[in-house]
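Asker: Quick one, fold the following:
(one chain, ligands or ions: 1)
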Amino acid sequence: MSTDDSRKHYIDGEWTAGTGDETFASRNPATGGELASFHRGTEDDVDRALAAAEDAYDEWRSLSHIDRAEYLWEIYHELRDRHEELGEIVTKECGKEISEGLADVTESWHMVEWAAGNARHPHGDVVPSEIASKDAYMRRKPKGVVGCITPWNFPVAIPFWHLAVTLVEGNTVVWKPAEQTPWCAHIVAEMFEDAGIPDGVFNLVQGYGDAGNAIVEDDRVETVLFTGSAEVGHKIASKVGGQPGKIAACEMGGKNAVVVSEQADLDIAVHSAVMSSFKTTGQRCVSSERLIVHEEVYDEFKERFVDVAEDIAVGDPLEEDTFMGPLIEAGQVEKFEKYNDLARDEGANVLVDRADLDADEIPEGHEEGHWVGPFVYEIDYDEDLRCINEEVFGPHVALLKYSGDFDEALEMHNSVDYGLAGAIISEDYREINQFRDEAEIGLAYGNLPCIGAEVHLPFGGVKKSGNGLPSGREVIEAVTERTAWTLNNSKDIEMAQGLSADIITDE
Ligand SMILES: NC(=O)c1ccc[n+]([C@@H]2O[C@H](COP(=O)([O-])OP(=O)(O)OC[C@H]3O[C@@H](n4cnc5c(N)ncnc54)[C@H](O)[C@@H]3O)[C@@H](O)[C@H]2O)c1
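Answerer: As a prediction, the model looks like this:
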């Protein structure tokens, strides 16, 4: 595609090719084919977008929450009207099977509904004062210009986690989506344009990490909302940490686990483990790469889990009978293979190796796609093994046996540096409650897979996985600042704590 045909950035209410002369392609991971071409954003493009966002801020913040939310309601309807079209683009661009592509869009309008609906809810606290004649309350103000940097694996839903709340709260935005999913981002920007959002309030700069970095380093950005890998997130957090008054809310990866206790219902255990490990081809931040199973049920669980892994339907993600689509790109296939080799080197007993799929397992016409199947192994637990500590982001699954009491399972569960998601499968409520209280994670599930989010629930990790901010209510904290406001209704000045308000002079 020539540069002229390439899709553009959306800056200050206009589609623009920007200042650079490079373009990049969005590719279908199932076929390897090019879907569309995009202009690659430069530091100058980010500079222009930030200037536009700064200029638009005063007018945007002067609108009421409810008026700002009206623009989001327009987008809500567009997301619903274009559900199938956009869901299919999600699937084409990131390879998730079609029900996941559609769910990505559904989650987006749920977030818009939450944020825009919230505009009519009480928004702050009325607080009693020690002095009867004073009114005291807490009021929120927008921060200013917010930078959003998002990953490829939820190319519509995660951006809306960031964008919807940020805009309703009165901030303006510069968004840098993932380089793998620019087409989804382009459609989202079309929706903002169609909704008539004022120029400069919402800006999209397409491109790579250098454009993201330009957002992070710029003094005009008050808050950075980042979702992506720990490697990039920690870099961003440390850069922002050096800039007074600025914050970075970072949600990152995990090395999540499903714990199957000796009290588990094994139907639920196998079902939950398969969903947790293989949905989205293991490419969710919450995907489980560790299954910690009690010795009493280990053999039966292993046999049943392995049976499913051997047969799980890998195929064209646009087909409804597919469970697992491809990995996102060739680099991710290499990483998956590298970790499979590492597991072998570290002593794994390999139970299922479909990493290199047979030719007849690859859908016709999709030979250039990034196809892999499950890689499942058992390994003697040692907390220092890299294969059970580092995020692979693929269907790479370790079975770990525990033989003692539930404390041992928890110790194994908590031994990783990450702390995002986990599940306990047990019929014993004491174990379930202990997991809820002692598992070092932000998202805990009982008798369920450890995947799945709802926009009105908190979503975020602890430890190396994040600072627990980006989701509904928590984003409000990140993109606003609070003023504790106290108003005197009397003609006299009276102070709290009995502090004297008398002015004493020598006269
Ligand atoms: N915790 C969560 O909520 C959550 C959700 C989804 C994905 N993830 C994590 O995201 C990762 C997969 O997504 P990915 O591959 O797109 O992640 P990534 O970290 O490679 O990229 C995320 C975004 O950061 C940008 N970026 C890269 N380098 C940058 C830099 N130096 N400065 C600023 N921006 C930069 C990228 O261009 C992209 O837009 C996995 O680790 C997954 O666990 C976490």
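
Asker: need the residues of the stretch 51-200 of the chain near the ligand, please.
Answerer: Contact residues, the stretch 51-200 of the chain versus the ligand (Cβ under 6 Å from any ligand atom): 149-154, 158, 176-179. Every C-beta, even on glycine, is put in place using the N, C-alpha and C of the backbone.

Asker: now, among those, which is nearest to the ligand?
Answerer: Distance ranking of these against the ligand, using Cβ to the nearest ligand atom, places Pro151 first at 3.1 Å.

Asker: Could you report the neighbour count for that closest one?
Answerer: For Pro151, the neighbour count with other Cβ atoms under 10 Å is 24.

Asker: can you check Gly325 too?
Answerer: That count, for Gly325 with other Cβ under 10 Å as the rule, works out to 29.

Asker: Now for the closest residue to it other than its chain neighbours: which residues touch it?
Answerer: Spatial nearest neighbour of Gly325, chain neighbours left out: Pro317 (3.3 Å); criterion: Cβ to Cβ, 6 or more residues apart in numbering. Counting by Cβ atoms under 8 Å, 6 or more residues apart in numbering, Pro317 makes contact with 30, 91, 95-98, 101, 325-326.

Asker: Then Glu390?
Answerer: 255, 339.

Asker: Surely it is in a helix?
Answerer: No: going by DSSP: H, G, I helix; E, B strand; the rest coil, the assignment for Glu390 is coil, not a helix.

Asker: packing partners for the lowest-mean-pLDDT helix or strand in the chain?
Answerer: Using mean pLDDT, DSSP states H and E, helix 472-479 stands out as the lowest-scoring helix or strand of the chain, at a mean of 87. The contact analysis (3 or more Cβ pairs under 8 Å, 6 or more residues apart in numbering; DSSP states H and E) places helix 472-479 against helix 98-118, helix 157-168, strand 221-227, strand 247-251.

Asker: for the longest one, the distance to its chain's centre please.
Answerer: Same thing as helix 98-118. Taking the mean of its C-alpha atoms, helix 98-118 sits 13 Å from the chain's own mean (Cα atoms, centre = their mean, to the nearest Å).

Asker: Whichever helix or strand comes after it pairs with which strands?
Answerer: The C-terminal neighbour of helix 98-118 among helices and strands, as given by DSSP states H and E, is strand 125-127. Using DSSP bridges, strand 125-127 pairs in its sheet with strand 134-142 (antiparallel).

Asker: what about dumping the CA coordinates of stretch 49-68 to PDB?
Answerer: Extracted C-alpha coordinates of stretch 49-68, given in PDB (Å, rounded to 0.1, in the frame of the first residue of the first chain):
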ATOM      1  CA  ALA A  49      -1.500  15.800  19.800                       C
ATOM      2  CA  LEU A  50      -0.500  16.900  23.300                       C
ATOM      3  CA  ALA A  51      -0.700  20.600  22.300                       C
ATOM      4  CA  ALA A  52      -4.200  20.000  20.900                       C
ATOM      5  CA  ALA A  53      -5.200  18.200  24.100                       C
ATOM      6  CA  GLU A  54      -3.800  21.000  26.200                       C
ATOM      7  CA  ASP A  55      -5.700  23.700  24.200                       C
ATOM      8  CA  ALA A  56      -9.000  21.800  24.400                       C
ATOM      9  CA  TYR A  57      -8.800  21.200  28.100                       C
ATOM     10  CA  ASP A  58     -10.300  24.400  29.600                       C
ATOM     11  CA  GLU A  59     -13.400  24.200  27.500                       C
ATOM     12  CA  TRP A  60     -13.900  20.500  28.000                       C
ATOM     13  CA  ARG A  61     -13.500  20.700  31.700                       C
ATOM     14  CA  SER A  62     -16.000  23.600  31.900                       C
ATOM     15  CA  LEU A  63     -18.800  21.300  30.700                       C
ATOM     16  CA  SER A  64     -20.800  19.400  33.200                       C
ATOM     17  CA  HIS A  65     -20.100  15.700  33.700                       C
ATOM     18  CA  ILE A  66     -23.500  15.000  32.200                       C
ATOM     19  CA  ASP A  67     -22.800  17.000  29.100                       C
ATOM     20  CA  ARG A  68     -19.500  15.300  28.600                       C
END
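
Asker: Quick one: residues in contact with it.
Answerer: Outside stretch 49-68, the residues that touch it by Cβ under 8 Å, 6+ apart are 9, 11-13, 119-120, 123, 141-142, 144-145, 167-174, 198-201, 203-205, 215, 218, 220-221.

Asker: what about the stretch 351-500 of the chain, any weak spots by pLDDT?
Answerer: 468-470 (pLDDT under 70).

Asker: what about the strands in it?
Answerer: 375-378, 396-402, 418-419, 421-425, 443-446, 462-463, 480-488 (DSSP state E, counting those that start in this stretch).

Asker: repeat for the stretch 1-150 of the chain
Answerer: Per DSSP E, counting those that start in this stretch, the stretch 1-150 of the chain carries strands over the ranges 9-11, 14-16, 23-27, 34-39, 125-127, 134-142, 145-149.

Asker: can you list those strands in JSON lines and add mean neighbour count and distance to Phe406?
Answerer: Listed next are the strands of the stretch 1-150 of the chain as JSON lines, based on neighbours: other Cβ atoms under 10 Å; distance: least, Cβ to Cβ, whole Å:
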{"stretch": "strand 9-11", "mean neighbour count": "27", "distance to Phe406": "52"}
{"stretch": "strand 14-16", "mean neighbour count": "14", "distance to Phe406": "57"}
{"stretch": "strand 23-27", "mean neighbour count": "19", "distance to Phe406": "46"}
{"stretch": "strand 34-39", "mean neighbour count": "18", "distance to Phe406": "48"}
{"stretch": "strand 125-127", "mean neighbour count": "11", "distance to Phe406": "40"}
{"stretch": "strand 134-142", "mean neighbour count": "15", "distance to Phe406": "42"}
{"stretch": "strand 145-149", "mean neighbour count": "28", "distance to Phe406": "39"}
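
Asker: returning to that earlier point: so which of the contacts of Pro317 is surrounded by the most neighbours?
Answerer: Neighbour-wise, the contacts of Pro317 (other Cβ under 10 Å) top out at Gly95, 32 neighbours.

Asker: what's the first-to-last distance across stretch 21-36?
Answerer: 16 Å (Cα to Cα, to the nearest Å).

Asker: scratch that, stretch 27-35 is what I was asking about
Answerer: 5 Å.

Asker: Figure out how far it is from the centre of its chain.
Answerer: Using Cα atoms, centre = their mean, the offset of stretch 27-35 from its chain centre is 23 Å.

Asker: Identify all contacting residues around it.
Answerer: By Cβ under 8 Å, 6+ apart, the residues outside stretch 27-35 that reach it are 1, 25-26, 92-95, 180, 183, 316-318, 325-329, 363, 365-366, 368-370.

Asker: what about 10 Å?
Answerer: 1, 25-26, 36, 89, 91-96, 152, 180-183, 281, 315-318, 322, 325-330, 332-333, 362-363, 365-371 (Cβ atoms under 10 Å, 6 or more residues apart in numbering).

Asker: can you list the domains in this structure?
Answerer: 15-252+466-485, 256-446 (automatic domain parsing).

Asker: The last one and the ligand, are they touching?
Answerer: What it means is domain 256-446. Yes: using Cβ under 6 Å from any ligand atom, domain 256-446 reaches the ligand at 285, 391, 393, 420.
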